[in-house]
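Asker: Here is my input; please provide its structure:
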Amino acid sequence: MATLNHNGTPDHSLIERLRKLDTCVVSDALDQLKLRGAVIGLRAVSVPRRIAGRAVTVQLRTANGQAPSRHLCTAAVDASGPGDVIVVAHEGRVDVAGWGGILSLGATTREIEGVVVDGACRDIDESIELGLPIYARANVPVTARGRIVEKSWNEPITVDGVTVAPGDLVVADGSGVVFVAAGQAEAVVGVAETIARREAAMAEAVRAGQPLAEVMNRSYEQLATKL
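Answerer: A predicted model of the protein is given here:
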């Protein structure tokens, strides 16, 4: 069964499988396959709901006096819909917002899955009221207007050293944010599903009264390297 669309992006069935997994098992799968995808320092700043979907990327930069014809991220939001996650490369800046309330309203109108900002965002109360999950480094009231502009969108970006291309997969939850390259998504999700099944069996053994030292033995320690 095909899991990539004609343009090389993961199809709906693969995204649905990813939705059933948390960031920890996906990160473990990446470890086992010797791939990088987990990023550090991004956390839920609005509604704490797990999100999973395809990345729609935006690269921001300092305005340097430039007055753009449209506000940052608007084209990405207008082009996105259900199953899409807006991923904003804000270069880790926490002194000025790279996302705001009207963008959140537009995202919810288009039923976008959620937003990831490698930096700060604002209007968090509005995003909470809208029920839009946002993962970012910080909250800040300072506007991007006159300070930050969009450099590009739907082009490869870098988040915490991880390259993210349009159509790559994103999963985010209370443990953080993980990216999976589209071309490796089938393998990563398959390994993650196997790890999740093993951990579910271990949890059942703990509930049944089996000692933790027996359940979490050498095989658990080697879970990140082999199944």
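Asker: Please, where are all the helices along the protein?
Answerer: Ranges of helices in the chain, per DSSP state H, are 12-19, 23-32, 74-79, 101-109, 124-130, 185-207, 212-215, 218-221.
Asker: Can you list the low-confidence ranges for the chain?
Answerer: 1-9, 223-227 (pLDDT under 70).
Asker: hey, which strand is longest across it?
Answerer: strand 51-62 (DSSP state E).
Asker: Highest mean neighbour count out of the helices of the chain?
Answerer: helix 23-32 (a mean of 22; mean count of other CB atoms under 10 Å). (C-beta placed from N, C-alpha, C; glycine too.)
Asker: That one to strand 51-62, inter-axis angle?
Answerer: 80 degrees (axes from the mean of the first three to the mean of the last three CA atoms, to 10 degrees).
Asker: packing partners for helix 23-32?
Answerer: strand 38-39, strand 169-173, strand 176-180, helix 185-207 (3 or more CB pairs under 8 Å, 6 or more residues apart in numbering; DSSP states H and E).
Asker: May I see those arranged in TSV, with distance to G131 as well?
Answerer: Output for these, formatted as TSV (distance: least, CB to CB, whole Å):
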stretch	distance to G131
strand 38-39	24
strand 169-173	15
strand 176-180	19
helix 185-207	26
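Asker: Out of these, flag the one nearest A55.
Answerer: strand 169-173 (5.2 Å; CB to CB).
Asker: Please name every helix or strand in contact with that closest one.
Answerer: helix 12-19, helix 23-32, strand 51-62, strand 84-89, strand 114-117, strand 176-180.
Asker: Residues touching it, excluding its own?
Answerer: For strand 169-173, the external contacting residues (CB atoms under 8 Å, 6 or more residues apart in numbering) are 10, 14-15, 18, 21-23, 26, 42, 44, 50-55, 85, 87, 114, 116, 133, 135, 164, 177-182, 185.
Asker: switch to 7 Å and redo it
Answerer: 10, 18, 21-23, 26, 50-55, 85, 87, 114, 116, 135, 177-180, 182, 185 (CB atoms under 7 Å, 6 or more residues apart in numbering).
Asker: Over to stretch 138-148?
Answerer: Counting by CB under 7 Å, 6+ apart, 45, 60, 62-63, 72, 94-98, 120-122, 124 sit against stretch 138-148.
Asker: Among the residues you listed, which one sits closest to W153?
Answerer: L72 (8.8 Å).
Asker: Endpoints of stretch 44-51, how far apart?
Answerer: Stretch 44-51 has an end-to-end distance of 10 Å (CA to CA, to the nearest Å).
Asker: now it, how far from the chain's geometric center?
Answerer: 11 Å (CA atoms, centre = their mean, to the nearest Å).
Asker: Kindly report the same for stretch 163-170.
Answerer: That offset, for stretch 163-170, works out to 9 Å (CA atoms, centre = their mean).
Asker: Kindly report the same for stretch 141-159.
Answerer: Per CA atoms, centre = their mean, the centroid offset for stretch 141-159 relative to its chain is 17 Å.
Asker: still on that earlier bit, next, format the helices of the chain as JSON lines and append distance to V159.
Answerer: As requested, those are exported to JSON lines (distance: least, CB to CB, whole Å):
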{"stretch": "helix 12-19", "distance to V159": "18"}
{"stretch": "helix 23-32", "distance to V159": "14"}
{"stretch": "helix 74-79", "distance to V159": "15"}
{"stretch": "helix 101-109", "distance to V159": "18"}
{"stretch": "helix 124-130", "distance to V159": "20"}
{"stretch": "helix 185-207", "distance to V159": "17"}
{"stretch": "helix 212-215", "distance to V159": "35"}
{"stretch": "helix 218-221", "distance to V159": "30"}
